[in-house]
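In: task: produce atomic coordinates for the following.
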Amino acid sequence: AFVHWKFNAWGQKYEELQKDSNIPSVINRRLQMDNFRPEIVMEGGAVDVNGQGTVLTTEQCLLAKNRNPHLSKEQVEKYLKNYFGATHVIWLKGGVEGDDTDGHIDNLARFVNPNTVLCAFEEDQKDRNYGILKQNYDILLQSKDQDGKKLNVIKVPMPKTLPVKVRGKKTRLPASYLNFYVANKTVLIP
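Out: Coordinates of the predicted model:
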């Protein structure tokens with residue numbers, strides 16, 4: 001079985017990607033698997049799990065008006081618990097400047113084992129990302145896992161980025177070392 005989350009092109013930002021929400025149905029016509037449709041918008045980068053019952057996410061992303069405006073924080077948390085088998089949710093505030101995903105957690109904080117979290121951190125207090133990343137870090141320092149144990153939180157520095165032209169206007173790209181992918185014995189790192 002699989003979960004067929006709604007996909008709305010990162011908060012309806014990319015009209016040309018709206019049809020991507022049909023991909024699970026196309027795949028399922030061939031595989032003929034049971035599937036569940038929670039009827040909420042959820043992208044893979046919006047959550048990270050420790051495999052023991054804790055989910056990490058951000059308020060900026062899952063509570064965004066362009067994703068699930070009809071749901072409260074408590075309702076979204078219930079979906080996370082029901083569909084991820086979680087018992088505990090940690091909510092960070094939001095993401096970095098230029099992030100068109102509205103604060104996907106996979107750019108901000110990631111579990112590397114059941115109680116260790118890597119956390120993006122900007123050391124330069126004059127940088128526009130400093131405030132939100134410090135806030136996220138402080139939340140993680142106060143957070144506990146599903147068993148009530150404090151997390152081991154490790155700062156990961158933000159890469160230095162320069163504004164670039166995207167779709168005709170200068171913007172800062174939301175670069176991060178945390179948007180990695182783990183596959184068996186391989187880790188792909190940006």
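In: mind telling me what element Asn66 is part of?
Out: Under DSSP states H and E, no helix or strand contains Asn66.
In: which residues touch it?
Out: Taking Cβ atoms under 8 Å, 6 or more residues apart in numbering as the criterion, Asn66 is in contact with 8, 11-13, 102. Heads up, the C-betas are built off the backbone N, CA and C, glycines and all.
In: and the helices in the protein?
Out: Taking DSSP state H as the criterion, the chain carries its helices at 9-12, 23-31, 59-62, 73-84, 130-142.
In: most neighbours per residue, which of these?
Out: Counting by mean count of other Cβ atoms under 10 Å, helix 59-62 has the highest mean neighbour count of the helices of the chain, with a mean of 23.
In: contacts for that helix next, please.
Out: The set of residues external to helix 59-62 that reach it, using Cβ under 8 Å, 6+ apart, is 42, 46, 67-68, 73, 76, 91-95, 101-105.
In: also stretch 173-187?
Out: For stretch 173-187, the surrounding residues in contact (Cβ under 8 Å, 6+ apart) are 45, 95-101, 106-110, 118, 120, 156-159, 161, 164, 166, 188-190.
In: show me how to select, in PyMOL, the buried members of those residues.
Out: Listed next is the PyMOL selection for buried residues among these, using 16 or more other Cβ atoms under 10 Å:
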select buried, resi 45+95+96+98+99+101+106+107+108+109+110+118+120+156+158
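In: the lowest-mean-pLDDT helix or strand in the chain pairs with which strands?
Out: Taking mean pLDDT, DSSP states H and E as the measure, the helix or strand of the chain with the lowest value is strand 164-166, at a mean of 80. Here strand 164-166 has these sheet partners by DSSP bridges: strand 169-171 (antiparallel).
In: contacts for the strand it pairs with?
Out: The set of residues external to strand 169-171 that reach it, using Cβ under 8 Å, 6+ apart, is 98, 163-165.
In: name the nearest of those relative to Asn22.
Out: In terms of Cβ to Cβ, no member of the contacts of strand 169-171 lies closer to Asn22 than Gly98, at 28.6 Å.
In: who are the neighbours in contact with the residue nearest to that closest one when sequence neighbours are not counted?
Out: Using Cβ to Cβ, 6 or more residues apart in numbering and skipping residues adjacent in sequence, the residue nearest Gly98 is Arg172, 4.1 Å away. With Cβ under 8 Å, 6+ apart as the criterion, the residues that contact Arg172 are 97-98, 161-164.
In: now, the contacts of stretch 173-187 that are in strands?
Out: In this view, the contacts of stretch 173-187 that belong to strands under DSSP state E are 109-110, 118, 120, 156-157, 164, 166, 188.
In: pLDDT check: weakest of the residues you listed?
Out: Lowest pLDDT among the ones in strands among the contacts of stretch 173-187: Val166, with 77.
In: beta partners of that residue?
Out: Following DSSP bridges, Val166 is listed with bridge partners Lys169.
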